[in-house]
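# only geometry, no sequence info:
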Ligand code: 13P
């Protein structure tokens, strides 16, 4: 393992004013989203949509890494340029989602375990060869009556840690994503308790598996109340609870934290990240690794029509710019009027 190379990759993903754009939806998730917006659910539509994202002009000012799925990393632009080459030419790093999805967990009704460790060493070597320099693995934790269980948290944390060790061996920076879901009606306080337990367990397993903390990026949920919780959180509430939870659980050796958006509105995802970056003296860089909160406005405009491509790219650029500003604590409502 070359620690210095991993540290350089992690630092470049966390470069000032930049964040990650997650565009690694599985074919079925991507199709589901396409269906909602009236886009045909074909391989060519997915390729064309990913080309729209990757060719958005000047996105490299705000985006340091694209997270791709297996289908996309092998695809090319209309002019034949492989996507990986196109990304490298913009000075952006290519990442790859390597988990095989969250599956029902045996003996744990209502809970999921993320699969994909079998054969992972060989797949990572192949992705490195193609040009990927970082990877992603997402674990899913559901809050409900009597869940999450210890068994689910431990098993997912162990898988994340074993994935991370294999990534570092292969020269890829692991993005470690333990997502506590927003589904349900739980309170912010319950989300805090569960996120705290999950992160403590994840870092304990990372330690057991000898993962180099300086060569990872954590991708957590923000601490907030569930979608159907009657209490609505203030921007400050989320920022304070999230930071307090992270300060208790994430070692200062970790270079950066890149949040998932998890179903928050795109404006709240920017505003809450902004608020956290206004607080001083954080031990890690705080950035974004959003999928829905960056992509959805663009997808809604595109609708699969070539004629809408430029307007969709403009919307994508705008969200990336807003989130970049949030890294400096400089995002505000007025920015939303710029588009
Ligand atoms: P969202 O930002 O839409 O939550 O997606 C982030 C992600 O990469 C999920 O794995």
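Now that the structure is in, tell me what you want to look at. This one's a predicted model, so the numbers in the text were calculated from it and none came from an experiment.

# can you pull the pLDDT of the nearest residue to residue 213 once chain neighbours are set aside?
Using Cβ to Cβ, 6 or more residues apart in numbering and skipping the chain neighbours, the partner closest in space to residue 213 is residue 253 (4.1 Å). Placement of C-beta: from N, CA and C, glycine included. Looking at residue 253, its pLDDT stands at 98.

# residue 253 belongs to a strand?
No: remark: residue 253 does not belong to a strand; assigned using DSSP: H, G, I helix; E, B strand; the rest coil, it is coil.

# and what about residue 257, helix, strand or coil?
Quick answer, by three-state DSSP: residue 257 is strand.

# what's the neighbour count on the residue nearest to residue 213?
Neighbourhood size, residue 253 [other Cβ atoms under 10 Å]: 12.

# pLDDT value on the residue of the stretch 51-200 of the chain found nearest the ligand, please?
Nearest residue of the stretch 51-200 of the chain to the ligand, counting by Cβ to the nearest ligand atom: residue 138, 4.3 Å away. On pLDDT, residue 138 comes in at 98.

# next one: residue 81
As predicted, residue 81 sits at a pLDDT of 98.

# for this structure, what lies in contact range of the ligand?
22, 138, 177, 260-262, 290-293 (Cβ under 6 Å from any ligand atom).

# ok, 5 Å please
Residues of the chain that fall close to the ligand, judged by Cβ under 5 Å from any ligand atom: 22, 138, 260-262, 290-292.

# out of those residues, list just those in helices.
If you go by DSSP state H, those have residue 292 in helices.

# dump the residues of the chain next to the ligand to JSON lines, plus neighbour count.
Converted to JSON lines, these look like this (neighbours: other Cβ atoms under 10 Å):
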{"residue": "22", "neighbour count": "29"}
{"residue": "138", "neighbour count": "20"}
{"residue": "260", "neighbour count": "24"}
{"residue": "261", "neighbour count": "26"}
{"residue": "262", "neighbour count": "20"}
{"residue": "290", "neighbour count": "26"}
{"residue": "291", "neighbour count": "19"}
{"residue": "292", "neighbour count": "19"}
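
# and stretch 183-203, what's buried?
184, 186-188, 190-192, 194-199, 201-203 (16 or more other Cβ atoms under 10 Å).

# what's it in contact with?
141-144, 148, 153-154, 157, 160-161, 176, 178, 180, 218, 220-221, 223-231, 233, 237-238, 241, 244-246, 248-251 (Cβ atoms under 8 Å, 6 or more residues apart in numbering).
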